[in-house]
Every structure is written in C-alpha cells, then in structure tokens.
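Colleague: structure for the following, please:
(one chain, ligands or ions: 2)
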Amino acid sequence: LSDKLDKALHVLKGHGSITEVNVAETLKEVRRALLDADVNFKIAKEFTTTVKEKALGQNVLTTLQPGQLMVKIVKDELTALMGGDAEGINLSGNPSVILMSGLQGSGKTTFSGKLANYLKNKKTKKPLLVACDVYRPAAIDQLHVVGGQIGVEVFSDRDNKNPVAIAQAGIAHAKANGYNVVIIDTAGRLAVDEVMMNEISNIHKAIQPQETLFVVDAMTGQDAVNTAKAFNDVLNFDGVILTKLDGDTRGGAALSIKSVVNKPIKFIGTGEKMEAIDVFYPSRMADRILGMGDVVSLVERAQEQYDEEEARKLSKKIAKNQFGFDDFLKQIQQIKKMGNMKDLLGMIPGAGKMLKDVDIDDDAFKHVEAIIQSMTPKERSNPAIINASRKKRIGEGSGTSVQEVNRLMKQFDQMSKMMKMMQGGKGKQMMQMMNN
Ligand code: GDP
Ligand code: MG
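Modeller: Ligands and ions are numbered 1, 2, ... in the order given. Predicted coordinates:
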C-alpha cells in the first residue's frame with residue numbers, strides 16, 4: 001500500500017503547482033492503492049470522495065504548496081478513518097478482566113503475554129494469565145512458556161475441559177491472591193463457526209469482562225473485516241488488536257476494520273517477541289502508510305528499553321577511553337531487545353524503501369556475539385593486546401575465521417572513534433554528515 005501511495009503522492013509532493021486533472025489522477029491512484037491493500041471498496045470510494053471535497057474546499061489549487069496540503073488532507077483523512085486518538089484499555093475493575101477472542105493463529109496467546117508484560121512494566125499492575133484453550137494440551141504449555149519468559153503467573157487446570165469454569169476459577173484465584181488484572185486466553189478455530197462462537201459467547205456472558213478484545217492477523221486482509229464483523233455481532237467487543245504488522249504487511253485491515261465494526265484498534269503486534277507491542281496511534285499508522293516512517297514509536301520504544309543508568313556508565317567509559325568488547329556486546333543485546341532489526345530500521349523515514357530488497361538478518365549478530373564470547377576478559381577490556389595468535393584462537397573458538405575477527409575489530413575500532421566524536425560535542429556535525 002505504502003509504495004502505491006508513495007507513487008501517487010510523489011507527483012504532488014515535489015511540484016509547486018497542480019492542476020485539477022492532477023488532483024483527479026492522484027485520487028484515482030490513491031483509491032487503487034487502497035483497493036489493492038484489501039480496503040473495502042465502499043470505504044475506499046468514500047475516502048477519495050471526502051479527500052476530493054476537502055481538497056476543493058481548501059482551494060488546494062490556489063495555495064502555494066498544493067502538494068503538501070494534499071498530502072496533509074490525505075493523511076488527516078486516513079487518520080480519521082482509522083479512528084481519532086489512541087484509546088486505552090479499561091482497567092477500572094479489581095481485578096480488571098480482559099477477554100481475548102479471535103481465530104486460531106491470530107496471535108491471542110502471544111498478545112496475552114505481550115499485554116501482561118506491558119501492564120506489568122507499568123508497575124502498578126499485577127497481571128495473571130488464564131489458559132482457557134482446552135482443546136490442545138500444547139496451548140496450555142505455550143501460555144506457560146510465555147508466562148515464564150515475562151515472569152507472570154499462569155493459571156491453568158489441565159483436568160478441566162470447561163473453559164467457562166476455568167475462567168471463573170482463574171478470576172477467583174486472582175481475587176484471592178492480589179492480582180489486579182486477569183487476562184483470559186481462549187481457543188480459536190481456523191474459521192468462524194458456531195461452536196467457537198457459542199463458547200466465546202458463554203465465557204463472555206459468565207465473566208462479564210471489563211474489556212473484550214478481538215485479535216486479528218493483519219495479513220489476512222479483506223477476511224479480517226468479515227471475521228471482525230462476525231465476532232462483533234456476538235461479543236460487541238471493545239477493541240481490536242492488529243497483529244503481525246511487521247515488515248511490509250499491508251495496512252488494509254487497519255483501514256477497514258474500524259469503519260466496518262466502529263471499534264477502535266487499541267494495540268498492534270509487530271513481531272514474535274514479547275516486546276513487540278505498540279499502542280495503536282492512527283496518525284502514526286497513517287504516516288507509516290504514507291511512507292513517512294513511524295519515528296515517534298521508534299523513539300518511544302528505544303527509551304523504554306534503554307536503561308538510563310547503563311547509558312550514563314557507558315558514556316563515562318567512552319570518555320575515559322575504556323569502552324571494550326564487553327560494552328559492545330551489551331550494546332548489541334540492547335538493540336536486540338528492542339525487537340526485530342528490520343522492523344526497527346523500517347520505522348526510519350526513507351529507510352523502508354532502501355530496505356525492501358535487503359535481507360537483514362537478525363542472525364548477523366550471532367557471529368559477532370560468538371567472537372566476543374571467545375575472547376578472554378582481558379582481551380575484551382583491552383582489545384589492543386589481541387595479536388595474530390590470539391586472533392587465530394578466537395577465530396577457531398567462535399567457529400568463524402581470522403578474517404571475521406579482523407573485520408569485527410576494525411568495526412569496533414571505528415565505532416569507538418565515532419562514539420568518542422559524538423561525546424566530544426561533535427554530535428551535531430556527525431548527524432549532519434550522516435544525513436547527507
Ligand atoms: P493464537 O492461536 O491466536 O493463540 O495465536 P498464537 O499467539 O499462538 O500465534 C500464532 C503464531 O503467530 C505464532 O507463531 C506467533 O509467534 C505468531 N505471532 C503472533 N503475533 C505476531 C506478530 O505480531 N508478529 C509476528 N511476526 N508473528 C506473530
Ligand atoms: Mg492460542
């Protein structure tokens with residue numbers, strides 16, 4: 001979608017003046033792009049009509065920079081279509097009960113973990129996960145694995161085949177043990193059917209959750225809208241979770257769901273890791289679709305993951321020329337914690353296009369890590385002592401080669417110099433260099 005829109009808006013962005021023909025052409029392209037991204041045709045049509053009216057109303061053709069105004073109108077409309085401001089989750093209950101619903105494979109179990117982790121990090125929340133997928137023993141195991149990863153307790157009962165009873169027992173367990181949020185993970189099926197709908201509806205009626213969330217795989221395109229409608233008819237859910245919005249997943253679902261079921265999208269999932277969760281901001285999503293990059297999200301995520309204390313220690317070390325391979329390793333782990341590299345880079349404006357054909361491998365770091373781990377502590381803190389024979393040993397120990405060790409040492413050297421420069425108040429200069 002973003003490619004097509006890029007193309008459509010490209011003409012307008014660059015030019016100082018546009019004609020009425022130009023506007024019509026552009027809108028046609030925009031509409032085609034929306035349809036290609038599985039946006040419901042009615043919505044796409046309404047969208048372009050509104051944009052056209054706004055454009056004419058604001059006299060786009062007579063302004064100084066009609067292209068930019070047009071981009072703004074398209075962006076504002078996209079934002080409005082995906083629903084005003086970010087909406088939170090209702091956590092007023094004690095405990096607040098959150099029910100997950102959605103098809104099998106949509107990402108309910110993964111998102112249950114992400115949400116528990118997200119709330120746990122808010123400090124005032126103590127979440128409990130409840131496993132109500134009773135059909136596959138592996139489903140209960142999966143939730144236990146997720147809970148283990150994030151340090152959140154999982155309530156399950158392998159001998160009980162009644163999801164309603166388990167949900168109720170889970171809530172009782174939460175009340176008795178001081179949990180203030182209960183996240184109920186349920187079973188889904190591959191397609192909408194009566195058995196699944198009855199089951200989720202029964203759970204819903206019995207526990208009356210503060211918040212019912214519908215989880216949907218963004219990659220399912222037009223189908224996502226139909227599924228959302230079916231679940232909404234039965235549950236009248238409170239919000240939508242759009243998962244698998246990583247890489248170049250089309251944004252069509254985000255555009256349509258809100259207008260079809262009139263429920264806000266609350267969170268997005270952007271990867272398999274527990275940290276790959278973001279609040280859904282319609283305007284950021286519109287920016288992303290328009291290829292401007294989701295810089296604000298990137299900055300926020302970086303801040304969340306980056307330990308300030310560590311940062312202070314690190315800058316002291318750099319200033320004293322004590323930056324070593326151990327610190328380098330920590331940096332790499334820090335970056336990895338932030339999520340998938342390609343996702344992160346994709347949020348940088350302009351990078352999306354550049355990266356499209358490049359295969360960024362999260363495993364690229366593995367060799368680097370292996371090499372550093374094959375170094376002795378002395379070598380790590382004082383890389384200058386790494387001579388030819390040490391390089392040979394490190395290469396063999398890490399299953400790489402002397403060449404790879406050499407390459408890493410060279411990169412490390414450059415990085416240390418660069419960091420020294422940044423610290424020396426030359427940061428601005430550096431940024432300018434990189435921007436050119
Ligand atoms: P459930 O059947 O609804 O509980 O779905 P799961 O949580 O088991 O997820 C199904 C698959 O999708 C798993 O392999 C997850 O790792 C994967 N998955 C879930 N959310 C995301 C996401 O946001 N991005 C990506 N890339 N994969 C995801
Ligand atoms: Mg599951």
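Colleague: next one: the helix or strand where residue 287 lies to chain centre, how far?
Modeller: Using DSSP states H and E, the element containing residue 287 is helix 282-289. Mean-position distance between helix 282-289 and its chain equals 13 Å (Cα atoms, centre = their mean, to the nearest Å).
Colleague: same for that helix, what does it pack against?
Modeller: On a contact count with 3 or more Cβ pairs under 8 Å, 6 or more residues apart in numbering; DSSP states H and E, helix 282-289 meets helix 2-14, helix 66-81. (C-beta placed from N, C-alpha, C; glycine too.)
Colleague: lowest average pLDDT across the ones you listed?
Modeller: Here the helices and strands packed on helix 282-289 differ in mean pLDDT, and the lowest is helix 2-14 at a mean of 56.
Colleague: next SSE after it?
Modeller: Downstream of helix 2-14, the next assigned helix or strand under DSSP H and E is helix 20-36.
Colleague: okay, buried residues for that next one please.
Modeller: By neighbour count with 16 or more other Cβ atoms under 10 Å, helix 20-36 contains the buried residues 22-23, 26-27, 29-35.
Colleague: now stretch 102-115
Modeller: 102-104, 106-115.
Colleague: what does the stretch 51-200 of the chain put close to ligand 2?
Modeller: Within the stretch 51-200 of the chain, the positions near ligand 2 by Cβ under 5 Å from the ion are 108-109.
Colleague: quick check: mean pLDDT across stretch 266-274?
Modeller: Mean pLDDT, computed over stretch 266-274, is 94.
Colleague: so which bits of that stretch are buried?
Modeller: So, applying 16+ other Cβ under 10 Å, buried residues of stretch 266-274: 266-271, 273-274.
Colleague: tell me how many other residues surround the closest residue to residue 153 other than its chain neighbours.
Modeller: Among residues not flanking residue 153 along the chain, residue 128 sits closest, at 5.6 Å (Cβ to Cβ, 6 or more residues apart in numbering). Residues near residue 128, counting by other Cβ atoms under 10 Å, number 25.
Colleague: can you check residue 236 too?
Modeller: For residue 236, the neighbour count with other Cβ under 10 Å is 11.
Colleague: what's the closest non-adjacent residue to residue 332?
Modeller: What sits nearest to residue 332 in space, not counting adjacent residues and going by Cβ to Cβ, 6+ apart, is residue 365, at 5.4 Å.
Colleague: which strands or helices does the helix or strand harbouring the one you found pack on?
Modeller: Secondary structure from DSSP H and E places residue 365 in helix 364-373. If you count contacts as 3+ Cβ pairs under 8 Å, 6+ apart, helix 364-373 packs onto helix 325-337, helix 402-421.
Colleague: and those, which one's lowest on average pLDDT?
Modeller: helix 325-337 (a mean of 75).
Colleague: residues from this structure in reach of ligand 1?
Modeller: 102, 104-110, 188, 243-244, 246, 269-272, 276 (Cβ under 6 Å from any ligand atom).
Colleague: could you redo the last one with a cut-off of 8 Å?
Modeller: 100, 102-112, 114, 133, 139, 142, 185, 188, 215, 217, 243-247, 268-272, 276-277 (Cβ under 8 Å from any ligand atom).
Colleague: let's see which of the residues you listed end up in helices.
Modeller: The helices, defined by DSSP state H, take in 108-112, 114, 139, 142 from the residues of the chain next to ligand 1.
Colleague: dump those residues to JSON lines, plus pLDDT and distance to residue 78.
Modeller: As requested, those are exported to JSON lines (pLDDT from 0 to 100; distance: Cβ to Cβ, whole Å):
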{"residue": "108", "pLDDT": "97", "distance to residue 78": "28"}
{"residue": "109", "pLDDT": "97", "distance to residue 78": "31"}
{"residue": "110", "pLDDT": "98", "distance to residue 78": "27"}
{"residue": "111", "pLDDT": "98", "distance to residue 78": "24"}
{"residue": "112", "pLDDT": "98", "distance to residue 78": "30"}
{"residue": "114", "pLDDT": "98", "distance to residue 78": "26"}
{"residue": "139", "pLDDT": "94", "distance to residue 78": "37"}
{"residue": "142", "pLDDT": "97", "distance to residue 78": "36"}
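Colleague: between which two of these is the distance greatest?
Modeller: Put simply, by Cβ to Cβ the two of those set farthest apart are 114 and 139, 16.7 Å from each other.
Colleague: where do the strands sit along the stretch 251-400 of the chain?
Modeller: 265-269, 277-279 (DSSP state E, counting those that start in this stretch).
Colleague: pairing partners for the shortest one, with directions?
Modeller: Which is strand 277-279. strand 265-269 (antiparallel) (DSSP bridges).
Colleague: give me the distance between the residue nearest the centre of the chain and ligand 2.
Modeller: Nearest residue to the geometric centre of the chain (Cα atoms, centre = their mean): residue 270, 2.9 Å. Note on residue 270: its distance to ligand 2, by Cβ to the ion, to the nearest Å, is 19 Å.
Colleague: would you agree that residue is in contact with residue 278?
Modeller: Yes - the criterion here is Cβ atoms under 8 Å, and residue 270 meets it with residue 278 at 6.0 Å.
Colleague: what is the neighbour count of residue 83?
Modeller: The number of residues packed around residue 83, counting by other Cβ under 10 Å, is 21.
Colleague: three-state assignment of it?
Modeller: Under DSSP: H, G, I helix; E, B strand; the rest coil, the three-state class of residue 83 is coil.
Colleague: show me what contacts it?
Modeller: Contacts of residue 83 were listed using Cβ atoms under 8 Å, 6 or more residues apart in numbering, and they are 258, 264-265, 282.
Colleague: mind checking pLDDT for it?
Modeller: Note for residue 83: predicted pLDDT of 78.
Colleague: still on that earlier bit, taking helix 402-421 as reference, get the angle to the helix holding residue 365.
Modeller: 90 degrees (axes from the mean of the first three to the mean of the last three Cα atoms, to 10 degrees).
Colleague: not counting helix 364-373 itself, show me its contacts.
Modeller: For helix 364-373, the external contacting residues (Cβ under 8 Å, 6+ apart) are 325-326, 328-329, 332, 335-336, 341, 380, 394-395, 398-400, 404-405, 408.
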